[in-house]
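Undergrad: Give me a 3D structure for the following:
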Amino acid sequence: MTRQMVLVGFLQAQNCTNLPSSWRHPDSRNDSMSADYYQEIARILEAGKFHMAFFDDRLAMPDRYGNDHAHTVEYGIRCVKMDPLIVLTTMGLVTEKLGLGATCSTTYYEPFDVARRFATLDLMSGGRAGWNVVTSLNDGEALNMGRDSHPEHDSRYDRADEFMEVVLGHWDTWEDGALIMDKQSGRFADPAKVKRLDHKGPAFKSRGPFTVPRSDQGHPVIIQAGASGRGQRFAGRWGEVIFTAARNLAAAKDGYASVHNEAAKAGRDPDQMFLCNLTTPVCAATRAEAEDKMALINKLPLEIDALSLLAEALNYDFASKDLDEPLTTEELKSMQGILGIRDGVLKNSGKSNPSARDFVTFSGRGQVQDAMVGGPKEIADKLEEMFVEHGCDGFVIAATYVPGSYADFVQHIVPELQRRGLFQKEYRGKTLRDNLRLKRPAAGAWKTRPHDAAE
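TA: Okay, here's the model as predicted:
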């Protein structure tokens, strides 16, 4: 069958999108703490045949810059963070085919709890759930969750590997056909087909039996976004939908090959995973109209937006240095969180000791400098090139204002992609796996693969 793009809507359960200035846009809705706000987005995405609505999440508002939250609240820099699973549930009520994905941390939750939450959403949505596996980012999250500091980068992934084994183990303990539902005999389910996990490992103990039967798609789709070397190994071992953030075709192709290599080393079929690159389109009926939109959007970001989000993402207080003072090698090594940001700044700036201003300039955090601006042909051409050249398998569409950015993309770009045969005109099935063309996982299949990629 002809290869086609995967499209994911990138969302935040908060006062802004991934672009913190989006709430300042005159056409953005002001009721981001209402169900109707997210339900309108859900209807738009499903009308555009998007595969999934996805929520990023953090367990703290950005407060690493100056170790204070005042600037975050004052300027609305992601200061509201609601529970994305509950928001997704409201979106599931007004859609039938749209996948429902959310982030949940392996660092600050227990595996049984996460397994139950997502398995429940999977049942309630008819098999449309996806779980984005993250290891969290910074000390603010640690302090909110009863810890003194955030664990070291690689150790978080070691814990996450075991976390995955526990979650998947619980999801496997109800076999297909376990439910009997025979009122005459009084038998509800076959106990021979419901097992205990009895996991005992270095980080976790979890007994079971699990309390949620398997869904129509088997279990939720696993989403991952590891950018570092260790993160790519984790993604190669576990990820089914993998988010990337390459800023050009060459970098995208390198990352695509690396993750596929890790998947092959882990004994997986690389065709059973989809890499989707984060993209911020600013589109309209014509390029001139799109450029006018971009001119307005460019006026919205503040320098504090970027500094705040950089401090959050790298768990480093950029307020501790003068804006133009080079960071020391030791300071660069002390950074945690999304290390791909640090590594990208080092590479793109060409400096071994960049300053905070260099991080603002070359990271793209809090900015829209990498936006794709144009009419249907211009944007479709760029998406097609990266897709056809195997820089990715699809795109995570980020919004500059809400819900208008999603509506613009669905109105102007989706029909052009469909005309070119690059994107689906109808959903292929009812579950998220159906629509992604992912095989329904057999219970325990993940255990049979070698684990070279994660060792």
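
Undergrad: for stretch 88-107, what is the average pLDDT?
TA: In this model, stretch 88-107 has a mean pLDDT of 96.

Undergrad: same deal with stretch 387-394?
TA: According to the model, stretch 387-394 has a mean pLDDT of 97.

Undergrad: what's the distance between it and the middle of its chain?
TA: 18 Å (CA atoms, centre = their mean, to the nearest Å).

Undergrad: now swap in stretch 386-399 and tell me
TA: 14 Å.

Undergrad: cool, and stretch 301-310?
TA: The answer for stretch 301-310 is 21 Å, by CA atoms, centre = their mean.

Undergrad: ok, residues contacting that stretch?
TA: With CB atoms under 8 Å, 6 or more residues apart in numbering as the contact definition, stretch 301-310 has outside contacts at 19-21, 62, 64-65, 71-72, 75, 77-78, 316, 318-319, 341, 356, 359-360, 363, 365-368. Backbone N, C-alpha and C define where each C-beta goes, glycine included.

Undergrad: Pull out the buried residues from the lowest-mean-pLDDT helix or strand in the chain.
TA: Using mean pLDDT, DSSP states H and E, the weakest-scoring helix or strand in the chain turns out to be helix 139-144, at a mean of 82. Judged by neighbour count using 16 or more other CB atoms under 10 Å, the buried positions of helix 139-144 are Asp139, Gly140, Glu141, Ala142.

Undergrad: cool, and stretch 44-52?
TA: The neighbour-count check on stretch 44-52 (16+ other CB under 10 Å) flags Ile44, Leu45, Glu46, Gly48, Lys49, Phe50, His51, Met52 as buried.

Undergrad: Equivalent analysis for stretch 16-36, please.
TA: Applying a neighbour-count criterion of 16+ other CB under 10 Å, the buried positions in stretch 16-36 are 16-25, 28-29, 32.

Undergrad: Going by residue numbers, what spans are strands in this protein?
TA: Here the chain has its strands, by DSSP state E, at 6-12, 52-56, 99-105, 129-134, 179-182, 187-189, 199-200, 205-206, 221-224, 241-244, 274-279, 281-283, 372-374, 394-397.

Undergrad: will you turn these into TSV that also has distance to Ser155?
TA: As requested, the strands of the chain are arranged in TSV below (distance: least, CB to CB, whole Å):
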stretch	distance to Ser155
strand 6-12	27
strand 52-56	23
strand 99-105	14
strand 129-134	15
strand 179-182	40
strand 187-189	39
strand 199-200	19
strand 205-206	18
strand 221-224	18
strand 241-244	22
strand 274-279	26
strand 281-283	37
strand 372-374	37
strand 394-397	28
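
Undergrad: now for these, which one comes closest to Gly404?
TA: Gly404 lies closest to strand 281-283 among the strands of the chain, at 10.5 Å (CB to CB).

Undergrad: What is the closest one packed up against?
TA: Using 3 or more CB pairs under 8 Å, 6 or more residues apart in numbering; DSSP states H and E as the contact test, the elements touching strand 281-283 are helix 287-297, strand 372-374, helix 376-388, helix 404-408.

Undergrad: Rebuild the ones you listed as a markdown table, extending it with mean neighbour count.
TA: Written out in a markdown table, the entries for those read as follows (neighbours: other CB atoms under 10 Å):
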| stretch | mean neighbour count |
| --- | --- |
| helix 287-297 | 16 |
| strand 372-374 | 22 |
| helix 376-388 | 18 |
| helix 404-408 | 23 |
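
Undergrad: Out of the ones you listed, the one nearest Trp174 is which?
TA: Distance to Trp174, taken as CB to CB, is lowest for helix 404-408 among the helices and strands packed on strand 281-283, at 36.1 Å.

Undergrad: for the record, mean pLDDT for the closest one?
TA: Per-residue pLDDT over helix 404-408 has a mean of 97.

Undergrad: cool, stretch 437-455 as well?
TA: Averaging the model's pLDDT scores along stretch 437-455 yields 71.

Undergrad: just to revisit the earlier point, nearest to Pro415, of the strands of the chain?
TA: Counting by CB to CB, and looking across all of these, nearest comes strand 281-283 at 11.6 Å.

Undergrad: Contact partners for Gly239?
TA: Under the contact definition (CB under 8 Å, 6+ apart), the residues listed for Gly239 are Val133, Ile222, Ile223, Gln224, Gly226, Val259, Met273.

Undergrad: Now it: closest residue in space, sequence neighbours ignored.
TA: Beyond its immediate neighbours in the sequence, the residue positioned closest to Gly239 (CB to CB, 6 or more residues apart in numbering) is Gln224, lying 3.4 Å away.

Undergrad: same thing with Ala380?
TA: Sequence neighbours aside, Glu416 is the residue nearest to Ala380 in space, at 4.3 Å (criterion: CB to CB, 6+ apart).

Undergrad: Please read off the pLDDT at the one you found from the model.
TA: Predicted confidence (pLDDT) for Glu416: 98.

Undergrad: and the gap between it and Gln232?
TA: When CB to CB, to the nearest Å is the yardstick, Glu416 and Gln232 sit 32 Å from each other.

Undergrad: Those two - which one has more neighbours?
TA: Gln232 (23 against 20; other CB atoms under 10 Å).
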